[in-house]
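# Give me the fold of what follows.
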Amino acid sequence: MSSNNPLDQLYRQVIMDHYKNPRNRGVLEGNSVDIDMNNPTCGDRIHLTMKVEDGKIVDVKFEGEGCSISMSSASMMTQAIKGKTVEEALKLANIFSDMMQGKGHDDSVDLGDIVALQGVSKFPARIKCATLAWKAMEKGLHQRH
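Below is the predicted model:
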C-alpha cells in the first residue's frame, strides 16, 4: 500500500491507530458467545467474546495476536457491531466481505473506520487477515442458539 495518495496515508494511519490502540480488547466473563479462530497461513489468531441480549450485541471484546491488518480489523469490527442487532451485524459482515472481494458495497451504511481497510482487497494474501475477526463474529452469532 505504498502510495503518496493522501487518502491511502490517512487509511494507513487509521489502521495503525487501531493496531497500536485496540478498542474493546479483553474477554467478557459470564454468559457470552465465545469463539476462537485462526488463520494458519500467517499465524493470526483471535478469541472473540460477545454478549447478546434480546437479539442485540450489548458488548464485544477480542484477544489475539497477528499482523496489523488482522488486529486493527478486529478492533474496528468490535466498534462497528457493539449496540447493533444480530441482523445488522451480519449485514455489516456481508458488506465487509463484498468490500474485501472488490465488489461494490452498500454506500447507505456508514462503515466508519472500516473503510480504511478497503485497500486490502488489492492484496489477496491479506484478505484472510482482514476477514478473520468478521468470520469469527459470524460463526459465533450463528452458533449461539
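
# In which helix or strand does residue 49 reside?
Assigning secondary structure by DSSP states H and E places residue 49 in strand 44-53.

# Who does that strand pair with, and is each partner parallel or antiparallel?
Strand pairing for strand 44-53, determined by DSSP bridges: strand 33-39 (antiparallel), strand 56-65 (antiparallel).

# want to try a markdown table for these, with mean neighbour count as columns?
To be clear about C-beta, it is placed using only N, CA and C from the backbone, and glycine gets the same treatment. Shown next, in a markdown table, are the strands paired with strand 44-53 (neighbours: other Cβ atoms under 10 Å):
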| stretch | mean neighbour count |
| --- | --- |
| strand 33-39 | 17 |
| strand 56-65 | 19 |
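
# For the ones you listed, give me a markdown table that also has mean pLDDT.
As requested, the strands paired with strand 44-53 are exported to a markdown table (pLDDT from 0 to 100):
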| stretch | mean pLDDT |
| --- | --- |
| strand 33-39 | 94 |
| strand 56-65 | 97 |
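
# Residue 23: neighbour count?
Other residues within reach of residue 23 by the criterion other Cβ atoms under 10 Å amount to 18.

# do the same with the one 3 residues further on
Applying other Cβ under 10 Å, we find 11 residues neighbouring residue 26.

# Against residue 137, how distant is the closest residue to it other than its chain neighbours?
Closest residue to residue 26 apart from its sequence neighbours, by Cβ to Cβ, 6 or more residues apart in numbering: residue 61 at 4.4 Å. Going from residue 61 to residue 137 by Cβ to Cβ, to the nearest Å gives 12 Å.

# intersection of neighbour lists for the two?
Between them, residue 61 and residue 137 have residue 48 as joint contacts when contacts are counted by Cβ atoms under 8 Å, 6 or more residues apart in numbering.

# mind checking which of the strands paired with strand 44-53 is nearest residue 132?
Minimum separation from residue 132 across those (Cβ to Cβ) falls at strand 33-39, 5.3 Å.

# Would you mind giving the secondary structure of residue 30?
Following DSSP: H, G, I helix; E, B strand; the rest coil, residue 30 is assigned to coil.

# gap between the residue lying closest to it once chain neighbours are set aside and residue 135?
Excluding its sequence neighbours, the residue lying closest to residue 30 (Cβ to Cβ, 6+ apart) is residue 51, at 7.7 Å. According to Cβ to Cβ, residue 51 stands 19 Å off from residue 135.
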